[in-house]
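J.: have a look at this prediction, sequence included:
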Amino acid sequence: MRILFIRDDYVLWYSVGIMYLSGMLKAEGHDTRLAFSSHPGFLDEVQRYNPDVLAYTVSTGMHRKYLAVNRRIKRELPGLGAFSVFGGPHATFYPEMIEAEGVDAICRGEGEIAFAEFVKRLEGHGGHSQTPGFWVKTASGIVRNDVGELVTDLDTLPFPDHALVYDADPLTDRVSAKSFAPIRGCPYGCTYCFNHSMQKLYRGKGPWVRHHSVEYVLKDMERVKAERPMKFVRFVSDTFNLSVEWLEEFSEKYPKRVGVPFHANVRADRIDEATARLLAEAGCAFVSMGVESGEDKRRIQLLKRNEESEQILRAVRLLQNHGVHVVTQNMLGLPGEVFQDTLESLRLATQCSPDYAWAAIYTPYPRTELAEYAAGHGYCDGNSDVALEDFYTRSIMRFRSALDKRRIENLHKLFGIMAEMPGLQPVVGFLSVLPLSWAYSALHTLWWGYTQHWRLMPYEIGSVDLLKTIHRFVRKCRE
């Protein structure tokens, strides 16, 4: 069968999820392709390919765009007859989207085994509505199946199909980091994250946290490096430093067999002298580390991120002492926060002295513990159909006043610069009041681009590709 994965637009980085799905489908003898709905000739491309299945991976907020794209295809290409399948976080945690117009099926949870089985049954004209993990519309109503077993041994999965993405988007192939996911799952229960909900969904169906073997990861990377420009690597797993034993083997073999600088996500409470050394020896250029709030009480009790400020400061120092750059990550506008509270996050970020102090505006993703808390206490309305994808510019939370909301949104855009230039902090209260969101957004984009290109990414990009990359990044931030 022919399966067409659809994205709304070109981006500079991709989840490896669709690569794994495509790899599994191709191993089963199917044909796959990726198309971009914003491309002027999109509908012609869809018609030429004539897919049997339209596949969408959607997050909450972005789901509205993909539902619209799917309706457009079905309206303007009525003879296509393709089956529309939606997966990803929104389909997993808000499976009621099966009721939306044009949605034929949704896949909940991990999709490699489930989607391949669904396509196999669909091709054989029998039983596809009974596929574990799928909710399916039928003539007699919606069939709701429980999720299947987790893949216990990740090495049994075919290698991800990197070509799916990079053949469709040559600019990203040339300039962006290649993405890999050596670890699945996270053992922590942070209230703003989906992991605790996923653990509940898969309770009794296998271990939630799983590692690919180091050998599997290296072989995958070696084949990509042999075929494509690979100047930098992004490990997209939630927490890269969960297993010291895995990291020890990786740090010994990776420099010899791949030897490309990389980025990873780490937790402060799992950083010690040995771990920092191993990351440096492996070739880690920079890490992202969640801080989330400058207040220990809010971080530990509200977010259930059990790390104290002293642990975070120590972890940053250890990594920087070993030559590993650090990007700290904060959330502003948490439930119950006022502007003065967010200044505590700015103070801690300044103390950390990271290579970049990144901040997001808190987004209450449905079915997470913190979103339910926020809705229950009147900080948001709990509507999953609002534009939740936009954590770059504005908040959908309710604040004490409209002025407080503006100040927090403006601080978000000034956060990285203020953390690096504490001499400006005495005027941050004044600057946050000004109605200059558009100017602060531009400043935020320029500062992030500068730190990314000239400080964090240890490789050069040609001038033409750099300009194209900046244009694409600015366009995405403005959407």
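T.: Good, I have the coordinates.

J.: give me the pLDDT for residue 133.
T.: You'll see residue 133 listed with a pLDDT of 96.

J.: isn't it up against residue 148?
T.: Yes: if you go by CB atoms under 8 Å, residue 133 and residue 148 touch, sitting 5.2 Å apart. Glycine gets a C-beta too; all of them are placed from N, C-alpha and C.

J.: what is the strand or helix carrying residue 44 packed up against?
T.: Here residue 44, judged by DSSP states H and E, is contained in helix 42-49. If contacts are counted by 3 or more CB pairs under 8 Å, 6 or more residues apart in numbering; DSSP states H and E, helix 42-49 sits against strand 2-7, strand 31-36, helix 63-76.

J.: picking that back up, now do the shared contacts for residue 133 and residue 148.
T.: Shared contacts of residue 133 and residue 148, defined by CB atoms under 8 Å, 6 or more residues apart in numbering, comprise residue 114.

J.: of these two, which one has the most company?
T.: The neighbour comparison of residue 133 against residue 148 (other CB atoms under 10 Å) goes to residue 133, with 22 against 19.

J.: winner for burial among the helices and strands packed on helix 42-49?
T.: Greatest average neighbour count among the helices and strands packed on helix 42-49 goes to strand 2-7 (a mean of 21), per mean count of other CB atoms under 10 Å.

J.: what strands line up against it, and which way round?
T.: strand 31-36 (parallel), strand 53-57 (parallel) (DSSP bridges).

J.: next secondary structure after it?
T.: Defined by DSSP H and E, the subsequent element after strand 2-7 is helix 17-27.

J.: give the buried residues for that following helix.
T.: By neighbour count on 16 or more other CB atoms under 10 Å, the buried set for helix 17-27 is 17, 18, 19, 20, 21, 22, 23, 24, 25, 26.

J.: name the residues that touch that helix?
T.: Under the criterion CB under 8 Å, 6+ apart, residues 3, 5, 32, 34, 55, 57, 88, 111-113, 115-116, 119, 157-162, 164-165, 181 lie in contact with helix 17-27.

J.: can you list the domains in the chain?
T.: Segmentation of the chain into domains, based on automatic domain parsing, reads 2-144, 169-478.

J.: can you add distance to residue 152 and give the ones you listed back as a markdown table?
T.: A markdown table is the format used below for those (distance: least, CB to CB, whole Å):
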| stretch | distance to residue 152 |
| --- | --- |
| domain 2-144 | 11 |
| domain 169-478 | 5 |
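
J.: of all those, which one is nearest residue 153?
T.: The closest of those to residue 153 is domain 169-478. By CB to CB, the value is 7.9 Å.

J.: what residues are up against residue 359?
T.: Residue 359 neighbours (CB under 8 Å, 6+ apart): 329, 330, 331, 332, 345, 349, 412, 415, 416.

J.: thought residue 288 was touching the second one, still the case?
T.: No: assessed by CB under 8 Å, residue 330 is found out of contact with residue 288, at 11.4 Å.

J.: show me which of the two is the more surrounded one.
T.: Higher neighbour count among residue 330 and residue 288: residue 330, with 24 against 17, using other CB under 10 Å.

J.: and that one, helix, strand or coil?
T.: Taking DSSP: H, G, I helix; E, B strand; the rest coil as the rule, one finds residue 330 in the strand state.

J.: could you pull out the strands for the stretch 201-350 of the chain?
T.: Taking DSSP state E, counting those that start in this stretch to define them, one finds strands in the stretch 201-350 of the chain at 210-211, 233-235, 262-266, 284-292, 325-332.

J.: export these to CSV and tack on distance to residue 227?
T.: Listed next are the strands of the stretch 201-350 of the chain as CSV, based on distance: least, CB to CB, whole Å:
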stretch, distance to residue 227
strand 210-211, 25
strand 233-235, 15
strand 262-266, 18
strand 284-292, 22
strand 325-332, 28
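
J.: overlap in contacts of residue 330 and residue 288?
T.: The contact lists of residue 330 and residue 288 share residue 358, where a contact means CB under 8 Å, 6+ apart.

J.: any stretches of the stretch 301-450 of the chain with poor pLDDT?
T.: For the stretch 301-450 of the chain, the stretches with pLDDT under 70 are 383-392.

J.: follow-up on the earlier one: mean pLDDT and distance to residue 339 for the strands paired with strand 2-7 - can I get that in a markdown table?
T.: A markdown table is the format used below for the strands paired with strand 2-7 (pLDDT from 0 to 100; distance: least, CB to CB, whole Å):
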| stretch | mean pLDDT | distance to residue 339 |
| --- | --- | --- |
| strand 31-36 | 96 | 39 |
| strand 53-57 | 97 | 36 |
